[in-house]
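Trainee: okay, structure incoming, though there's no sequence with it:
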């Protein structure tokens, strides 16, 4: 399937930005508009939202793929990746959170880093500089996730659950996420580690809006993540 | 006590089943075999109640009813683990199916749009 015939001039035509979308109708338009300033291909996977997220995203000009029901963020990312893999002109897949906590500038920096250093996998990390200020509770949750990820994948990441990733075509080919819910963040690292391709963590800033703060995870959920990853279908 | 070893091994087998089992015809056959054994064993025990006490004594368990309780707990745990694994398997199939539906629907609507333009 070739790319759709859009009239506007194409920006970064080989880059596909995948946004998993679940009940973000208040913020998604801003996120898509921001992305469209630099990227023509914004793919929103609506994960069975019960609000008008999908309609808003479509109106904002994104390509919207709708899950028939809510499956989880990992499932949505995998659907986006499956779609992107079918695009012949795809050079990069960028995963980007739909709640507005990532900066488009960081994506551009990570892409240019990948080009410059011939690095197929670039993970965003909020812990490589002092810009991001997560609360204490969030810090603990994220550190536990880092430890789990290190145990399971062997990669020494500083920020395991950052939704911002830049993946070149050769890396994307190896991703097949089975974990539908939050455990996918560790699973994706695991699968990328298995490719033995070079990787890099790049400093990014995470914007903690009141909106994204309200959606944080709990420490106990890391037990679920560990269990999910050890007991697999 | 032999009963301790039997129970310990049964629990390890359940843990292994939780981590490793795959839905194969072989494992299904083994489960069915156990079911048949349980049914036949139950019938025999109903007809020869003393056998329960004798087996318990042989395994170093005081009462026949204790042996039954242990057997019940092991069987129950195995059942729960087995159902959990089945659920994981079904979840995965549902996700794959839903993904196909989502991608096909999208392709369909893209094709429709293209046809309308022409």
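Mentor: That came through, no problem. Only a predicted model underlies this, so the values are computations on that prediction, with no experimental measurement involved. Numbers count the residues shown, from 1 in each chain, chains lettered A, B, ... in the order given.
Trainee: SS state for residue A:202?
Mentor: Taking DSSP: H, G, I helix; E, B strand; the rest coil as the rule, one finds residue A:202 in the strand state.
Trainee: quick one: contacts for residue A:199?
Mentor: For residue A:199, the contact set (Cβ atoms under 8 Å, 6 or more residues apart in numbering or on different chains) comprises A:119, A:120, A:121, A:122, A:123, A:155, A:192, A:193. C-betas here are computed from N, CA, C, even on glycine.
Trainee: which residues touch the most centrally placed residue in chain A?
Mentor: Nearest residue to the geometric centre of chain A (Cα atoms, centre = their mean): residue A:95, 2.9 Å. Neighbouring residues of residue A:95 by Cβ under 8 Å, 6+ apart: A:17, A:18, A:19, A:20, A:77, A:80, A:163, A:164, A:165, A:167.
Trainee: neighbours around residue 48, how many?
Mentor: If you meant another chain, say so; for now it's chain A. Neighbours of residue A:48 under the rule other Cβ atoms under 10 Å in any protein chain shown: 20.
Trainee: sorry, I should have been clearer: chain B.
Mentor: Using other Cβ under 10 Å, residue B:48 has 10 other residues around it.
Trainee: tell me the confidence at it?
Mentor: Model confidence at residue B:48, given as pLDDT, is 92.
Trainee: would you map the helices across the chain?
Mentor: Answering for chain A, as no chain was given. In chain A, helices defined by DSSP state H lie at A:28-36, A:53-59, A:73-85, A:104-117, A:136-153, A:169-172, A:184-194, A:210-213, A:221-230, listed in chain order.
Trainee: my question was about chain B, not that one.
Mentor: Going by DSSP H, chain B shows helices at B:2-20, B:25-47, B:50-59, B:64-117.
Trainee: so residue B:2 makes contact with residue B:60?
Mentor: Yes. Using Cβ atoms under 8 Å, residue B:2 is in contact with residue B:60, at 5.4 Å.
Trainee: okay, and the helix or strand of chain A with the least pLDDT?
Mentor: Least confident helix or strand of chain A, by mean pLDDT, DSSP states H and E, is helix A:210-213 with a mean of 60.
Trainee: actually, chain B.
Mentor: Here the helix or strand of chain B ranked lowest by mean pLDDT, DSSP H and E is helix B:2-20, holding a mean of 87.
Trainee: quick one: that helix near chain A?
Mentor: Yes. Using Cβ under 8 Å from any Cβ of the partner chain, we find that helix B:2-20 touches chain A at B:18, B:19.
Trainee: quick check: which of the contacts of residue A:95 are also close to chain B?
Mentor: By Cβ under 8 Å from any Cβ, no member of the contacts of residue A:95 lies near chain B.
Trainee: which of the helices of chain A sits most buried?
Mentor: Of all the helices of chain A, helix A:73-85 has the most neighbours on average by mean count of other Cβ atoms under 10 Å in any protein chain shown, namely a mean of 24.
Trainee: who are the packing partners of that one?
Mentor: Helix A:73-85 sits against strand A:15-21, strand A:41-46, strand A:63-66, strand A:92-97, helix A:169-172, helix A:184-194, helix B:64-117, with contacts defined as 3 or more Cβ pairs under 8 Å, 6 or more residues apart in numbering or on different chains; DSSP states H and E.
Trainee: could you give me the average pLDDT of the longest one?
Mentor: The pLDDT scores in helix B:64-117 average 93.
Trainee: likewise stretch A:43-54?
Mentor: Mean pLDDT, stretch A:43-54: 95.
Trainee: list the buried ones in it?
Mentor: A:43, A:44, A:45, A:46, A:47, A:48, A:49, A:53, A:54 (16 or more other Cβ atoms under 10 Å in any protein chain shown).
Trainee: could you do stretch A:84-96 as well?
Mentor: By neighbour count on 16+ other Cβ under 10 Å, the buried set for stretch A:84-96 is A:84, A:87, A:90, A:91, A:92, A:93, A:94, A:95, A:96.
Trainee: need the residues you listed in JSON lines with pLDDT, can you?
Mentor: What follows is the buried residues of stretch A:84-96, written out as JSON lines (pLDDT from 0 to 100):
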{"residue": "A:84", "pLDDT": "96"}
{"residue": "A:87", "pLDDT": "94"}
{"residue": "A:90", "pLDDT": "96"}
{"residue": "A:91", "pLDDT": "96"}
{"residue": "A:92", "pLDDT": "96"}
{"residue": "A:93", "pLDDT": "97"}
{"residue": "A:94", "pLDDT": "97"}
{"residue": "A:95", "pLDDT": "96"}
{"residue": "A:96", "pLDDT": "95"}
